[in-house]
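Engineer: need the 3D shape of this:
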Amino acid sequence: MQTTKTLKKQRIDTKAIALGAMFAALVTVSTAFIKIPAPLGYAHAGDAMVYLSACILPAPLSFLAAGIGGALADLLAGYAVWSLPTAIIKMLNVLPFFAVRIILQKKNKDGRILNIGTLAALIPTTAVTVGGYYLANCLLYNRAAALAETPFNLMQAAVGAVLFTTLGLALDSVKLKSKINRNA
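Structural biologist: As a prediction, the model looks like this:
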């Protein structure tokens, strides 16, 4: 017979897994299908979902949601050659946010999506995106191709940061993170 504590732990795990799957789907759909016109072509909304997942989900689930979602988006969009590099880069995009969350959790201040720490995390995560795709382009094509794509990757990171900030403000206004944690 299961105890109440065991049932609660099982519910938390089930809920976290469901949220992880939801974020993987959000990353996939917002990367593959939500196109935002830009001077260098278009950008997508997927990076914002990666950042949100890093601020809301437990670490392992956010890594999986970011990597699986990004890879599936490339597969769906017809860029299978990019699925592995994208999975790795998107998983690495999560790291700066988790460093911030570890610090905030120690201070018992991890109740919001947007704060000075998560805004600061946008700088190293941009470096991960630009550097990661530069390296991948060098490996898959050549340095000239990598340099040519760098402005697009910078623009993509900027669009992701703006969308993340906008969505973070909206979700913080309804106290989403505390509602998720309270109902756990």
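Engineer: secondary structure element holding the spatially most central residue of the chain?
Structural biologist: What sits nearest the mean C-alpha location of the chain, by Cα atoms, centre = their mean, is Val50, with 1.1 Å. Per DSSP states H and E, Val50 falls inside helix 46-56.
Engineer: Ile113 too?
Structural biologist: Ile113 is part of no helix or strand when elements are defined by DSSP H and E.
Engineer: what about it, neighbour count?
Structural biologist: 23 (other Cβ atoms under 10 Å). (Each C-beta comes from the backbone N, C-alpha and C, glycine too.)
Engineer: and it, what pLDDT?
Structural biologist: Ile113 carries a pLDDT value of 96.
Engineer: so where is this protein shaky, pLDDT-wise?
Structural biologist: The chain contains residues with pLDDT under 70 at 1-12, 40, 183-184.
Engineer: mind redoing it with 80?
Structural biologist: Along the chain, the model assigns pLDDT under 80 to residues 1-12, 38-42, 181-184.
Engineer: for it, what's the longest helix?
Structural biologist: In the chain, assigned by DSSP state H, the helix with the most residues is helix 143-173.
Engineer: return the set of buried residues in the next helix-or-strand element following that helix.
Structural biologist: Counting by DSSP H and E, the next helix or strand C-terminal to helix 143-173 is helix 176-182. Using 16 or more other Cβ atoms under 10 Å as the burial criterion, the residues of helix 176-182 that qualify are 176-177.
Engineer: tell me what helix 176-182 is packed against?
Structural biologist: For helix 176-182, the elements it packs on are helix 46-56, judged by 3 or more Cβ pairs under 8 Å, 6 or more residues apart in numbering; DSSP states H and E.
Engineer: just the CA atoms of the helix it packs on, as PDB, please.
Structural biologist: What follows is helix 46-56, C-alpha atoms only, in PDB (Å, rounded to 0.1, in the frame of the first residue of the first chain):
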ATOM      1  CA  GLY A  46      11.900  28.500 -30.000                       C
ATOM      2  CA  ASP A  47      14.800  30.000 -28.000                       C
ATOM      3  CA  ALA A  48      12.300  31.800 -25.800                       C
ATOM      4  CA  MET A  49      10.700  28.400 -25.000                       C
ATOM      5  CA  VAL A  50      14.100  27.000 -24.200                       C
ATOM      6  CA  TYR A  51      14.800  29.800 -21.800                       C
ATOM      7  CA  LEU A  52      11.400  29.500 -20.200                       C
ATOM      8  CA  SER A  53      11.800  25.800 -19.700                       C
ATOM      9  CA  ALA A  54      15.200  26.500 -18.000                       C
ATOM     10  CA  CYS A  55      13.500  28.900 -15.500                       C
ATOM     11  CA  ILE A  56      10.500  26.600 -14.700                       C
END
